[in-house]
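Asker: Fold the following, please.
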Amino acid sequence: MTLLKKPELLAPAGSLKHLHMAFAYGADAVYAGVPKWSLRVRGNGFIREDFMQGIEEAHRLGKKVHAVLNIIPHVRRVAAFERIVDEMAQLKPDAFIMADPGLIDIVRNKYPDIPIHLSVQANTVNAGSVKFWQKVGLTRCILARELSLTEIDMIKQECPDMEVEVFAHGALCIAVSGRCLISGMLSHRDANIGACNNSCRYGFNIRNVHAATADDVTTFEADDGTTLSAQIEETMHHKGEWMTMEEDLNGSYLMNSKDLCTLPVLKRLIEIGVDSLKIEGRSRSPFYSAAISRAYRLAIDAICEGKEIPDESYNIVNSIPSRGYTTALLEPHRPDKTQDYETNSPNPGKLQICGEITSQDDDGTLHIDVKNRFEKNSHIALFTPEGLVDLDGSSLVNARDNKPLDVAPGTGWSVKLKHNSKVDLSTAVMLRLDE
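Answerer: The predicted model follows:
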């Protein structure tokens, strides 16, 4: 049996904590945004000193840091770019992730030895574009999320010497690979310079809707005064298949995509020869980076050893907050399989962070700052790089007076809990498991 080549597992790092956790839980590399020059402005806690520490840690572990410079700036901002890239080049990141051709040209001329990966913002959807960027000197293309598995395979076959990266997990944008004007129009926040506020996920109301004639096939009616309903038929390809669109008091969520999860097609992506599998989520928590890194680390390792994806991988992704999952455009789907039309509120998931362990005594006692309510009879556990470790809540006491507690009410409380083994405080996460 021929073993498959392992792709790089690339995790999001919105801060040094994200970086540390992602590496501990199995990521091969992380990507981190350069302040003011990358998308996801709200999920970027990196400054120059953080990059310095993060790159040192990564290289000590034999891992990588990719610095993101992927905004598409207007002319007034370009003048400041060279100073920023000079500072970043001194830190020796393993690659720059970029989208703007003008900025790419500046970096190629000044720092030809630093690899450049073409950002998904560049909307690469065919082999000709990949070959073009390879001639320019780029070493990797992050392919657009609008491609199917078949199209990714075709591109890789035509461009075997060019690395390709594909998004494997995380939030999806309703626009073509992030080229969106909705946030700018509704909130005056430009998505293409990293200021997107997810306006597409807002609820939208409909008013003064009337059928043009009595014979109009699209009819709207009020349901008990609270719901507006419409039946819509797409006559060319789905004649006779009536789809229901409803609006309740909260509105309609016409552009609210489910989250991407490629576990069902991960083996195919690896067989195609995808070089890097990317987890979206610089705006998410360090726990998210850790958990999804572990889920995909276990899955990749199993597939490349000729085994089935372990249940733990699915259990993890199905137990953390999400908007529901889809393989999106990698496989053929009807829109109702990729969109969530009913709500824009994520499913909270079964794994809830309930405390931060601040220290551990010589006898094993854990000192905990409570983050979310838990009871002494709750199912609580430590999430670790080796898996879940159950905790016994029966010894729960108030840290101030050592009096027994039945409940740790929430933020502002400090408690103690007995434990019989050493805990790595830098990587362990205390969770409440909701059944």
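Asker: switch to C-alpha atoms for all contacts and neighbour counts from now on
Answerer: OK.
Asker: where does the stretch 51-200 of the chain have low pLDDT?
Answerer: Applying pLDDT under 70 to the stretch 51-200 of the chain picks out residues 175-186, 190-195, 199-200.
Asker: burial of K267, as a residue count?
Answerer: Residues contacting K267 under the criterion other C-alpha atoms under 10 Å number 19.
Asker: Could you measure from it over to K307?
Answerer: From K267 over to K307 the distance is 10 Å, taken as C-alpha to C-alpha, to the nearest Å.
Asker: what's the answer for A67, then?
Answerer: As defined by C-alpha to C-alpha, A67 lies at a distance of 34 Å from K307.
Asker: who's more crowded, the two?
Answerer: A67 (25 against 11).
Asker: Confirm the more buried one sits in a helix?
Answerer: No. Applying DSSP: H, G, I helix; E, B strand; the rest coil, one finds A67 to be strand, outside a helix.
Asker: Quick check: the gap between it and Y111.
Answerer: A67 is 14 Å from Y111, by C-alpha to C-alpha.
Asker: backbone phi and psi for S289, please?
Answerer: phi -60, psi -40 (degrees, to the nearest 10).
Asker: Can you get me a residue count around the closest residue to it other than its chain neighbours?
Answerer: Nearest residue to S289 in three dimensions, chain neighbours excluded: A22, at 5.5 Å (C-alpha to C-alpha, 6 or more residues apart in numbering). Neighbours of A22 under the rule other C-alpha under 10 Å: 30.
Asker: Could you verify my assumption that A22 touches A11?
Answerer: Yes. Between A22 and A11 there is a contact under C-alpha atoms under 8 Å: 6.4 Å.
Asker: Identify the contacts common to the two.
Answerer: Residues touching both A22 and A11 (C-alpha atoms under 8 Å, 6 or more residues apart in numbering) are 30, 289, 293.
Asker: Filter these down to the buried ones, PyMOL style.
Answerer: The PyMOL command for the buried members of those (criterion: 16 or more other C-alpha atoms under 10 Å) is given here:
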select buried, resi 30+289+293
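Asker: could the shared contacts of A22 and A11 be laid out in JSON lines, adding pLDDT and distance to T411?
Answerer: Formatted as JSON lines, those follow (pLDDT from 0 to 100; distance: C-alpha to C-alpha, whole Å):
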{"residue": "V30", "pLDDT": "98", "distance to T411": "31"}
{"residue": "S289", "pLDDT": "97", "distance to T411": "23"}
{"residue": "S293", "pLDDT": "98", "distance to T411": "28"}
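Asker: from the chain's centre, how far out does the longest strand along the chain sit?
Answerer: Ranked by number of residues, the top strand in the chain under DSSP state E is strand 351-360. Averaging C-alpha positions (C-alpha atoms, centre = their mean, to the nearest Å) puts strand 351-360 23 Å from its chain's average.
Asker: what residues does it touch?
Answerer: 319-320, 366-374, 410, 422-423, 425, 429-434.
Asker: That strand pairs with which strands, parallel or anti?
Answerer: Strand pairing for strand 351-360, determined by DSSP bridges: strand 366-370 (antiparallel), strand 429-433 (antiparallel).
Asker: follow-up on the earlier one: which secondary structure state is assigned to the residue nearest to S289?
Answerer: helix.
Asker: what residues are up against it?
Answerer: Contact partners of A22, counting by C-alpha under 8 Å, 6+ apart, are 11-13, 30, 286, 289-290, 293.
Asker: separation between it and G54?
Answerer: A22 is 12 Å from G54, where distance means C-alpha to C-alpha.
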